[in-house]
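> What follows is a predicted protein model with its sequence.
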2 protein chains.
Amino acid sequence: MADLLSVAKLAGVSRATAARAFSSPDLVRPATRERVLNAAQQLAFRPNKIAQQLRSQATQMIGVMVPSLDNPVFAEQLQAMEVAARAAGYSLIVTTSEYSPSREGDIVEEMLRQRVDGLVLTVAEADNSAVLVKLSLETTPCLLVYNPPGNSGFPSIGVDNRAASADATRHLITLGHERIGMVAGPLLQSDRARQRFDGYCHAMDEAGLIAHPLVEMARHTQADLKSLTPALQGPDALSAVVCTNDLLAISLMGELQRAGFNVPSDLSVMGFDGIALGKHLYPSLCTIEQPRADIGRTAVHTLLAMIRGEECTPDPLPHALRKGESVGTPTSRKSTLSTS
Amino acid sequence: MADLLSVAKLAGVSRATAARAFSSPDLVRPATRERVLNAAQQLAFRPNKIAQQLRSQATQMIGVMVPSLDNPVFAEQLQAMEVAARAAGYSLIVTTSEYSPSREGDIVEEMLRQRVDGLVLTVAEADNSAVLVKLSLETTPCLLVYNPPGNSGFPSIGVDNRAASADATRHLITLGHERIGMVAGPLLQSDRARQRFDGYCHAMDEAGLIAHPLVEMARHTQADLKSLTPALQGPDALSAVVCTNDLLAISLMGELQRAGFNVPSDLSVMGFDGIALGKHLYPSLCTIEQPRADIGRTAVHTLLAMIRGEECTPDPLPHALRKGESVGTPTSRKSTLSTS
DNA sequence: TTGTACGCGTTATCAC
DNA sequence: GTGATAACGCGTACAA
């Protein structure tokens, strides 16, 4: 590929002048500029970003790490980030960690070697993350997304999970539900899920209701009905559940219906995240909408501010309750317990 | 950040030796190597990829452009690509085009300036794409995904859309359906959708059935029932439809059910793509499964082969029919036409 | 086995 | 206005 020197030669000027024709066009006489631009055209010259980056010690690249793109929450956030970054002249290097700490480490190391100007990460556990302590010793700006801003020391973008989860629970309480449970992925292995459980407990307490023990599913994004069945039987059967994420809620609804339960009359199901698809289902998913696009945009803008050297302590973004057909008023105790 | 020279100084060797300690460890005496590595450790030295890239004229970076990450099809493909790329020591620069030709152009230009080693693109229209003619004049390897391998001249990874769509249609025919329609996004503005319509027509012809005119929805991934309603009324009412993608099918199912139709007894709905979520819905989505993960992996491996200079003409990947509850046998003409 | 020296393509600081 | 020249950080042919 043609470089600046060949362009300069063809135009009959020095490399410096050729360079100026691009970076500061007004510093060069119009006629000369023309010649350079023409030469560049003829040679199909394309500025080499690598060289620019080496020279300027800045890459205009942002390193992004999310757990998985199979979850629309992250994909939708990434979509927004990409648009915002591009608009600001930045590119995204995208990686997935699968929540694996060792992968997290490798990925961040790789991105630092690539000299990204900043990092946007969603880690498994912000408060107890090897990769974050490593990063705290570096100078590369780093921003968390979705991870609650705990004592990790890094600024974080996201909603107030505890408050949002409490709101979800209160919505059910307002409708008259009293026996409300929470369904989550394995071991509460995510700091977000834990906060959401907190919020649920808080709202229950506040209403004088007893919080039930967490119903743990084997997988993070796929419900298995068996784990829930016990809580659906007997005189204390739940009339509503809050799931810690939408994929879990959607698959739970499917399982329930397939087993002969009606949603919401047998069980109201509430999600958390607000992925786009939830609106189009039947019954449509009642959920907490995290402003995913806004989160993505804000993450990029905040990181750019940090790169410029500004100090940032972003506020939580507002969540919203999205009503949906998957939640209804509690019906009188159903007489027949149909279990598969 | 510490550079190789400071490491060399601290270790009491020349820069060349320090460099070798990393790139060809066996060319340097173990004792010396130790000293270098120790020095590197102390200085928190991190190799500068930019410099390596400039020097080696290779970036180990793949440029990826998809229409949108809001569609799980692309997100899931990307997930697989990222894993495969990382395993091979490559990074991904990810961009979204929103199907806009001008954005496509900007993005590709930007990636070429970044000197990516290769490109993986999904464009709106492969046969008539400005960005592809531009790329045909370049030497950077380029591979299409999902776009049918038409006369664009670029190798392409994906399923045989025409055959897959015919299979979907035949599945309905086998179940006894005769009045089968196809539902698509706007204007068939996607080459894939057009091929899928072709396949549908072919299967209908083959069975001696008449292909219905395409039912066009205003949006690519969201059904509006009104456009379909006419085809659902009267003596010739459809008993089944094939949608050109899963998001369309899922939202259509939701709309139908919300309007009082039963799926599949009033209308069987078939999707196309096989996004993960479809399995967990109720009714579960009957669809054509594109091997999205395999497509992503194969795309990366094929591109790497091209980067190595090998000639590639990949075969279409096999699709599969995924049965689901959204499709049933046709019922006798329903007596009451319930329209909202 | 180790050191010297050059080039990768730009940009910025000087002179002219 | 324009041209020479020195970095930016690294890899490697060549010489020692």
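Cool, the structure landed.
> Number of residues surrounding the residue in the stretch 51-200 of chain A that DNA strand C sits nearest to?
Minimum separation of the stretch 51-200 of chain A from DNA strand C (C-beta to the nearest atom of the strand) falls at A:Ala51, amounting to 3.2 Å. In short, each C-beta sits where N, CA and C put it, glycine included. A:Ala51 has 15 neighbours, counted by other C-beta atoms under 10 Å in any protein chain shown.
> pretty sure it contacts B:Gln57?
No. Using C-beta atoms under 8 Å, A:Ala51 makes no contact with B:Gln57, being 11.0 Å away.
> Please name the residues that touch A:Tyr200.
A:165-166, A:168-169, A:180, A:182, A:211, A:242 (C-beta atoms under 8 Å, 6 or more residues apart in numbering or on different chains).
> Counting only helices, which of those make the cut?
A:165-166, A:168-169 (DSSP state H).
> Restrict the residues you listed to the buried ones and give me that as a ChimeraX selection.
Paste this into ChimeraX to select the buried members of the ones in helices among the contacts of A:Tyr200, with burial taken from 16 or more other C-beta atoms under 10 Å in any protein chain shown:
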select /A:165,166,168,169
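> what's next to the helix or strand where A:Gly296 lies, contact-wise?
Assigned by DSSP states H and E, A:Gly296 belongs to helix A:292-307. Applying C-beta under 8 Å, 6+ apart, the contact partners of helix A:292-307 are A:62, A:73, A:76-81, A:83-85, A:88, A:90, A:117-120, A:141, A:143, A:145-146, A:155, A:157-159, A:273-275, A:312, A:314, A:317.
> export it as PDB, just CAs?
Only the C-alpha atoms of helix A:292-307 are listed here, as PDB (Å, rounded to 0.1, in the frame of the first residue of the first chain):
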ATOM      1  CA  ARG A 292     -29.700  -0.500  27.800                       C
ATOM      2  CA  ALA A 293     -29.100   1.800  24.900                       C
ATOM      3  CA  ASP A 294     -28.700   4.700  27.300                       C
ATOM      4  CA  ILE A 295     -26.300   2.600  29.400                       C
ATOM      5  CA  GLY A 296     -24.200   1.900  26.300                       C
ATOM      6  CA  ARG A 297     -24.200   5.500  25.200                       C
ATOM      7  CA  THR A 298     -23.400   6.900  28.600                       C
ATOM      8  CA  ALA A 299     -20.700   4.300  29.100                       C
ATOM      9  CA  VAL A 300     -18.900   5.500  26.000                       C
ATOM     10  CA  HIS A 301     -19.300   9.200  26.800                       C
ATOM     11  CA  THR A 302     -18.200   8.700  30.400                       C
ATOM     12  CA  LEU A 303     -15.200   6.800  29.300                       C
ATOM     13  CA  LEU A 304     -14.300   9.400  26.800                       C
ATOM     14  CA  ALA A 305     -14.400  12.000  29.500                       C
ATOM     15  CA  MET A 306     -12.100   9.800  31.600                       C
ATOM     16  CA  ILE A 307      -9.700   9.500  28.700                       C
END
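> quick one: average confidence on the next helix or strand after it?
Sequence order places strand A:320-322 as the next helix or strand after helix A:292-307, per DSSP H and E. Strand A:320-322 shows a mean pLDDT of 98.
> Then stretch A:116-123?
97.
> Tell me the buried residues in it?
Quick answer for stretch A:116-123 (16+ other C-beta under 10 Å): A:116-123.
> Could you dump those into TSV and include distance to DNA strand D and secondary structure?
Shown next, in TSV, are the buried residues of stretch A:116-123 (distance: C-beta to the nearest atom of the strand, whole Å; DSSP: H, G, I helix; E, B strand; the rest coil):
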residue	distance to DNA strand D	secondary structure
A:Val116	15	coil
A:Asp117	15	coil
A:Gly118	18	strand
A:Leu119	19	strand
A:Val120	24	strand
A:Leu121	24	strand
A:Thr122	29	coil
A:Val123	27	coil
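> Just name the closest of these to B:Ala249, please.
When the buried residues of stretch A:116-123 are compared for distance to B:Ala249 (C-beta to C-beta), A:Thr122 wins out at 30.1 Å.
> For that closest one, give me its contacts.
By C-beta under 8 Å, 6+ apart, the neighbours of A:Thr122 are A:65-67, A:74, A:144-147.
> filter these down to the ones near DNA strand C?
Near DNA strand C, judged by C-beta under 7 Å from any atom of the strand, there are no entries from those.
> Could you dump the residues you listed into TSV with neighbour count added?
Converted to TSV, the contacts of A:Thr122 look like this (neighbours: other C-beta atoms under 10 Å in any protein chain shown):
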residue	neighbour count
A:Met65	22
A:Val66	25
A:Pro67	22
A:Phe74	25
A:Leu144	24
A:Val145	25
A:Tyr146	26
A:Asn147	26
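> What is the burial count for A:Tyr134?
Heads up, residue A:134 is Lys, not Tyr. For A:Lys134, using other C-beta under 10 Å, the count is 14.
> For it, identify the helix or strand it belongs to.
Under the assignment here (DSSP H and E), A:Lys134 is part of helix A:130-136.
> For that helix, could you pull out the residues that count as buried?
Buried-residue list, helix A:130-136, by 16+ other C-beta under 10 Å: A:131-132, A:135.
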